[in-house]
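**Q** Could you look at this predicted model? Sequence included:
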Amino acid sequence: MLNRGKKSITGRSIGPHGSQIKRIKPQLTRRIIRRYHFLLQRKQTLLKWLNIKDKTLEKDDLRVVKLFEGHQHFQKGWKLRGDDMKLKDSKIEESLIKLQQQHANGERSVYYFYLGYIMKEIRDEGGINTYQEASRMGQDSNRGGDSSKLLIQWLKDLDYNEKGATALEIGSLSKHNAISTTGIFNPVVRIDLNNHNDEDGIIKQDFMERPIPKTSRDQFDLVSCSLVLNFVPTPRERGDMVHRFGQFLKPDKLTYLFIVLPLPCINNSRYMTLDYFTEMMNSLGFRSVKHHEAKKVCYFLFSYNTSKTTNQTKHKDFSKKHKLQDGPGMNNFSITL
Ligand SMILES: C[S@@+](CC[C@H](N)C(=O)[O-])C[C@H]1O[C@@H](n2cnc3c(N)ncnc32)[C@H](O)[C@@H]1O
């Protein structure tokens, strides 16, 4: 269930990071995150089927609502939800799960209807707010914690002590994470699509729209991208994101990229394996330095050195999806360059 404002599923308040946080149970945290990803994914599919070409709508939920609120079928779907998000329509929920099957004989009016149903939950119930709170709860040390702790540990293991090193943290939910507090990087530029908690020091910005640096002054010694790539809706857009990383790293010196992905993206996908991902990153000039698989997530530290990049190796064609393995219960996570 998604909740309005700062109420948790149990109706208790959820405070900002570091304050008197009332905890959401881990299972629930995961459920909220899963539900939100599901809704976003369905929203993108419907916008595509409705032939909506305006890319900015994918990330601007309010504009989607403004654009379609006058549409009768959108309205119907929106109103059907009522005000209690606990009350879901089981038939529609089932249709949303099997949405792909509807494409062949689907009608635009039905797509608008589903979109209204979905947008009501995303917008009206502050979906992104609750989702971010849940993500932050997921960062809680009792739940596996701030992923940048491992990053900092790794950098220490590597005796990393670059003077004046700077970092870009994409998808930042808190300025209290190890990346910001250990003092290795200064400044740490923190960006996120949203900053609903108005935490100082997190810039509301889409990384994909951050201007490509023209000089090394706007580049960084480290780019951190923890649990963000899996949030990007399509394989091509994930590829676009991966392509951008190198452009934000300082040239002619050793720099690093830290990536965290949910483990199933790497160990249970038909289109992605650890070797495949490593080779894909290799083809872009990144070398795997450290890698760790925890129970639920997978951490990577890549080094990047433009001056040492040799493009001699023949790589696979990463512009297409390749089915690498198959089996029941596998997912379709992929990245295409
Ligand atoms: C699951 S949270 C991860 C947060 C945190 N980095 C962590 O490791 O727990 C994903 C975050 O990525 C942000 N995000 C997704 N796409 C983004 C983009 N293109 N630019 C900036 N932030 C993005 C979302 O807004 C969300 O807050």
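**A** Sure, I can see it.

**Q** residues in contact with Val64?
**A** By Cβ atoms under 8 Å, 6 or more residues apart in numbering, the residues touching Val64 are Lys43, Leu47, Leu57, Leu115, Met119. Yep, even glycine has a C-beta here, placed from its N, CA and C like the rest.

**Q** go again using 6 Å as the cut-off
**A** Contact analysis of Val64 by Cβ atoms under 6 Å, 6 or more residues apart in numbering lists Leu57, Met119.

**Q** Helix or strand next in line after the one helix or strand in the chain whose mean pLDDT sits lowest, which one?
**A** The weakest-scoring helix or strand in the chain, judged by mean pLDDT, DSSP states H and E, is helix 127-139 (a mean of 65). Sequence order places helix 148-157 as the next helix or strand after helix 127-139, per DSSP states H and E.

**Q** Return the residues of the stretch 101-250 of the chain in contact with the ligand.
**A** 132, 135, 138-139, 147, 170-171, 173, 191-194, 206-208, 226-228, 231-232 (Cβ under 6 Å from any ligand atom).

**Q** Now do the strands for the stretch 201-337 of the chain: every range, in order, please.
**A** With DSSP state E, counting those that start in this stretch as the criterion, the stretch 201-337 of the chain has strands at 202-204, 222-226, 255-262, 286-293, 297-304.

**Q** Mind checking those strands for the one nearest to Arg270?
**A** strand 255-262 (15.3 Å; Cβ to Cβ).

**Q** Dump that closest one to CSV, restricted to CA.
**A** The C-alpha coordinates for strand 255-262 follow below in CSV (Å, rounded to 0.1, in the frame of the first residue of the first chain):
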residue,chain,number,x,y,z
THR,A,255,39.0,7.2,-11.5
TYR,A,256,36.3,4.8,-10.3
LEU,A,257,32.7,3.8,-10.9
PHE,A,258,30.7,2.2,-8.1
ILE,A,259,27.5,0.3,-9.2
VAL,A,260,25.0,-1.6,-7.0
LEU,A,261,22.3,-3.8,-8.6
PRO,A,262,19.8,-6.1,-7.1
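
**Q** Tell me, how many residues neighbour the residue of the chain found nearest the ligand?
**A** Residue nearest to the ligand within the chain: Gly171 (2.8 Å; Cβ to the nearest ligand atom). Using other Cβ atoms under 10 Å, Gly171 has 19 other residues around it.

**Q** Can you give me the distance of the nearest residue to it once chain neighbours are set aside to Asp157?
**A** Spatial nearest neighbour of Gly171, chain neighbours left out: Val228 (3.7 Å); criterion: Cβ to Cβ, 6 or more residues apart in numbering. Separation of Val228 from Asp157 (Cβ to Cβ, to the nearest Å) stands at 24 Å.

**Q** Compare those two (neighbour count), which wins?
**A** Legend: neighbour count by other Cβ under 10 Å for Val228 and Asp157, higher for Val228 (20 against 11).

**Q** Could you tell me the phi and psi values at the more buried one?
**A** When read as degrees, to the nearest 10, the backbone of Val228 gives phi -110, psi -40.

**Q** Now do the contacts for Phe74.
**A** Counting by Cβ under 6 Å, 6+ apart, Phe74 has contacts Phe68, Tyr112, Leu115, Gly116.

**Q** Tabulate the residues you listed (CSV), appending distance to Arg270.
**A** Formatted as CSV, the contacts of Phe74 follow (distance: Cβ to Cβ, whole Å):
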residue, distance to Arg270
Phe68, 34
Tyr112, 32
Leu115, 28
Gly116, 32
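
**Q** Take those residues and lay them out in TSV including secondary structure and neighbour count.
**A** As requested, the contacts of Phe74 are exported to TSV (DSSP: H, G, I helix; E, B strand; the rest coil; neighbours: other Cβ atoms under 10 Å):
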residue	secondary structure	neighbour count
Phe68	helix	21
Tyr112	helix	21
Leu115	helix	26
Gly116	helix	25
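
**Q** what's the longest helix in the chain?
**A** helix 26-49 (DSSP state H).

**Q** Buried residues in that helix, which are they?
**A** Using 16 or more other Cβ atoms under 10 Å as the test for burial, helix 26-49 gives 28-30, 32-33, 35-36, 39-40, 42-47, 49.
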